[in-house]
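Undergrad: what would the 3D arrangement of this be:
(one chain, ligands or ions: 2)
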Amino acid sequence: MKYVIIGTAGHIDHGKTSLIKAMTGIDTDRLPEEKKRGITIDIGFAHHQLTPRLRVSFIDVPGHERLVKNMIAGACGIDMVLLVVAADEGVMPQTVEHVNICRILGLKRAVVALNKADKVDEETLRLAEEEVREFLARTPFKDAPVVPVSARTGEGIERLKEEIERVALAVEGRRGISPFRLPVDRVFVVKGFGTVVTGTVFSGRVRVGETVELLPQGATYRVRNIQVQGEDVEEASVGVRAALNLQGLEKADVDRGDAVCSPGAFAASDVLDCRVFLLEGAPPLKDMAPVRVHIGTKEAIGRVKLLEVDTLRAQEECYCRIHLEEPVVAANLDPVVIRSYSPVFTIGGGVVLDAHPEKVRIKRAHLAERLRMLDGCDERRRLELFLLWSPKGVERGALALKGIDPWGVEGLLKEMVGEEALEAGGRIFHRKRALELVERMEKAVQELLSRDKLRGAVSFRELSHVLGLSEDVVAALALRSKRLKVVSGGVTLEGERGLDPETQRLVAAFEAELKRCGLQPPSVNKIFDRLGVPPKLRGPILRYLLEKKRAVRVNTEIVIHSSALDRLVAGVENHFKKERELAVSQMKGMFGLSRKYAIPYLEFLDRLGITKRVGNVRVKR
Ligand SMILES: Nc1nc2c(ncn2[C@@H]2O[C@H](COP(=O)(O)OP(=O)(O)O)[C@@H](O)[C@H]2O)c(=O)[nH]1
Ligand SMILES: [Mg+2]
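TA: Ligands and ions are numbered 1, 2, ... in the order given. Below is the predicted model of the structure:
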């Protein structure tokens, strides 16, 4: 069983609503205002088993020129279009505008109903058909069947259904794997049930009980109930019309144009990089002129920054950056309809090439060049380009915003890692960019170490500041360097670094003195005084020996040489070979220590996990 969503299109009063009623028995004009005035104001819906092999959801749109924005909201998710032209009037302004919009939206399949056949004689009907075919010849719908019908007498309705079935069966199914997105086209409250939003599922699927994110608000809700074609279902997937009841959602908090999405997979954006073209007969579009931008079910005011020309003319195409007055939920390759600000009519459209461009200053020509590279490239190349343009790499999650299918990205990365891409600390880098960062890191380490000859290492934290990346990422990148050696908490240069002879002499003298003092050393400053070490070298010398583990800090006052610590540990271990306990007095006796040293050493040994304090004595750990 095939299922398609069919949108109506055509001038006001040509019989769109009447034809749906004639085929399905459903009156899509549901608003009291619509009933009273006999015109469609907002989009209406009819779900129906049209033929034994075909289920359809008709989306009926208004034909009035002032309601074209509602028409676009209705048409944005459809599979094919039912174009209605009244035989007595022929092609009229909104016939043309609707067809243009369908074309901009990327629709390829249509059936034309040449309606009100009952009102005209055969000759007029033939002329009307000719006119329609001539008009369609310049559109993607030139092969669409044109069926003379009458919604009033029912003549031709069966053939219309057959033609719809024939065209519908050829509609390609949409891809099901990718995150969920449903641009909201209607919001209403069901008494005792709560707020319901409806729309066409643009991508992915949603299940009852799942959490979804409402954008651009950014609030999350649990899906309490899903209806597809008026029936409760567990799941709605790409290409169907769905009504979602979201727990706790207030009607005032959601509007047409918002989108219900998989959490984290989309984000609102007020800048869209696009390729835009102007329709035949459209007035010239000046750089930064205000326009109305339709994307999904949303209409927003924006300005078009033209990247290649100063004025765009009819039937010309150009890369551009659209700055919007409010954020919209868009994804790459989404179609965009552009209407003039005032008077309002459709002037052109385009396609989103980057829904989340980085807001860095970039030259017009340079940006146009980037968009040209993105335009029409496959997913792998697209991913590669985004990585190339991200000097600090990107988070895996951010790739979805760049239009890379998160379910497909793993496979792509697997192909690319080892070639163009690499992963470090949870970020993905282009190999080129990663190597640049490693190089910058090597330079920074060399520079910092040469500034302070006694310094053994540069911490990850310091490098994280230098590179503007997290410590984890820095640590992972450091492993890729041949010149850097990772030590605890940081990196140092591979190989021994030579100290200048004078510093070397002072280090050696200090170390010898520390060693000589054994387990009862004076404060380090006393030793430095004794040796006449200049104050600015004292900290670095001490840090150098501590880093090299040739000196050990016991507490804030006591620093001993590593050989003294070895002696201390050996003595204590030997003691425990004969005895179960070690008292402070025994400690003093064993090494000839005063109490001032014995207690800190015992506490230090406790911290090292060699001894354990039990009451007033130590036992072996
Ligand atoms: N004679 C005749 N009138 C029709 C036919 N289809 C629709 N109408 C009338 O045309 C008017 C507009 O129809 P409607 O379906 O509301 O047009 P829409 O604006 O395209 O939805 C109504 O008064 C209909 O009764 C038809 O096939 N023959
Ligand atoms: Mg109507």
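
Undergrad: which residues touch the residue sitting nearest the centre point of the chain?
TA: Residue closest to the mean C-alpha point of the chain, counted by Cα atoms, centre = their mean, is Leu401 at 2.3 Å. Contacts of Leu401 were listed using Cβ atoms under 8 Å, 6 or more residues apart in numbering, and they are Phe266, Ala267, Ala355, His356. Bear in mind the C-beta positions are built from the backbone N, C-alpha and C, glycine included.

Undergrad: which residues does the lowest-mean-pLDDT helix or strand in the chain contact?
TA: Within the chain, no helix or strand scores below helix 406-416, which has a mean of 74 by mean pLDDT, DSSP states H and E. The contact list for helix 406-416 (Cβ under 8 Å, 6+ apart) reads 177-179, 265, 379-380, 383-384, 396-397, 399-400, 404, 421, 423, 428.

Undergrad: per-residue confidence at the residue of the stretch 401-550 of the chain at minimum distance from ligand 1?
TA: Of all residues in the stretch 401-550 of the chain, Gly403 sits closest to ligand 1, at 36.7 Å by Cβ to the nearest ligand atom. Here, the pLDDT recorded for Gly403 equals 72.

Undergrad: which phi and psi does the residue lying closest to Gly468 once chain neighbours are set aside have?
TA: Closest residue in space to Gly468, ignoring its immediate chain neighbours: Lys392 at 6.4 Å, by Cβ to Cβ, 6 or more residues apart in numbering. Dihedral pair for Lys392: phi -110, psi 20, per degrees, to the nearest 10.

Undergrad: list the residues that contact Lys392.
TA: Neighbouring residues of Lys392 by Cβ under 8 Å, 6+ apart: Arg427, Arg433, Leu437, Leu467, Gly468, Leu469.

Undergrad: can you tell me how far it sits from Val233?
TA: Separation of Lys392 from Val233 (Cβ to Cβ, to the nearest Å): 44 Å.

Undergrad: where does the prediction get shaky in the protein?
TA: 175-177, 406-407, 418, 495-499 (pLDDT under 70).

Undergrad: residues from it in reach of ligand 2?
TA: Lys16, Thr17, Thr40 (Cβ under 5 Å from the ion).

Undergrad: by neighbour count, which of those wins?
TA: In terms of neighbours by other Cβ atoms under 10 Å, those top out with Lys16 at 30 neighbours.

Undergrad: quick check: which element contains the spatially closest residue to it that is not a sequence neighbour?
TA: Once flanking residues are discounted, Lys16 sits nearest to Thr8: 4.0 Å by Cβ to Cβ, 6+ apart. Using DSSP states H and E, Thr8 maps to strand 2-9.

Undergrad: mind listing what that strand pairs with, with the direction of each?
TA: According to DSSP bridges, strand 2-9 forms sheet pairs with strand 54-60 (parallel), strand 80-86 (parallel).

Undergrad: mind exporting the first one as CSV, just the C-alpha atoms?
TA: Extracted as CSV, the C-alpha positions of strand 54-60 are listed here (Å, rounded to 0.1, in the frame of the first residue of the first chain):
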residue,chain,number,x,y,z
LEU,A,54,-3.3,4.3,-2.5
ARG,A,55,-3.9,6.1,0.7
VAL,A,56,-3.5,9.9,0.6
SER,A,57,-3.4,12.9,2.9
PHE,A,58,-4.6,15.9,0.9
ILE,A,59,-3.4,19.2,2.1
ASP,A,60,-5.7,21.8,0.8
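
Undergrad: sweet, I'm off.
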